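In: Predicted coordinates and the sequence they were generated for:
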Amino acid sequence: MKHHILCLLSIATPTVGLAQSFGDVAGCAVASGATVQTDTLFLWDGDFVHRMEARCPVTFTHRIGGGAFLLDLTCEGEGESWNVSYLLEPTADSDGYLATPAGGEGPWTELRLCE
């Protein structure tokens, strides 16, 4: 039974290693320890999506195909909590992802592997 559970977990999570993070310019700066002044920060480390005023655990990852994921998040920040989903599609050069709020409501954000 343990082997079946491990197999299911590997299907339900992205293939991003724990040491890897994807972010926009501000997100990668924060990942490297810098302080930034922006409201658009986006950092995805596989387990969490970090925004400027919110930390959002990934509650479920849906593999869509073609390397795309739909991330379900439960966010908390500024005394509130809410659920949100993001569609992450590989960029044309496959070096990152385009993150868009599910349903297309809101701008897309380009995420690159943080170094």
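Out: Perfect, I can see it now. Numbers count the residues shown, from 1 in each chain.

In: next SSE after the lowest-mean-pLDDT helix or strand in the chain?
Out: Here the helix or strand of the chain ranked lowest by mean pLDDT, DSSP states H and E is helix 2-12, holding a mean of 33. Note on helix 2-12: by DSSP states H and E, the next helix or strand toward the C-terminus is strand 22-23.

In: Now do the buried residues in stretch 75-95.
Out: By neighbour count on 16 or more other CB atoms under 10 Å, the buried set for stretch 75-95 is 75, 84, 86-89. In short, each C-beta sits where N, CA and C put it, glycine included.

In: Which of those residues fall in strands?
Out: Residues of the buried residues of stretch 75-95 located in strands (DSSP state E): 75, 84, 86-89.

In: what's the closest of the residues you listed to G66?
Out: E89 (7.6 Å; CB to CB).

In: Of the ones in strands among the buried residues of stretch 75-95, which is the nearest to G23?
Out: Using CB to CB, these come closest to G23 at L88, 12.0 Å.

In: Verify the stated contact: the closest one with Y97.
Out: Yes. Judged on CB atoms under 8 Å, L88 makes contact with Y97 at a distance of 4.2 Å.
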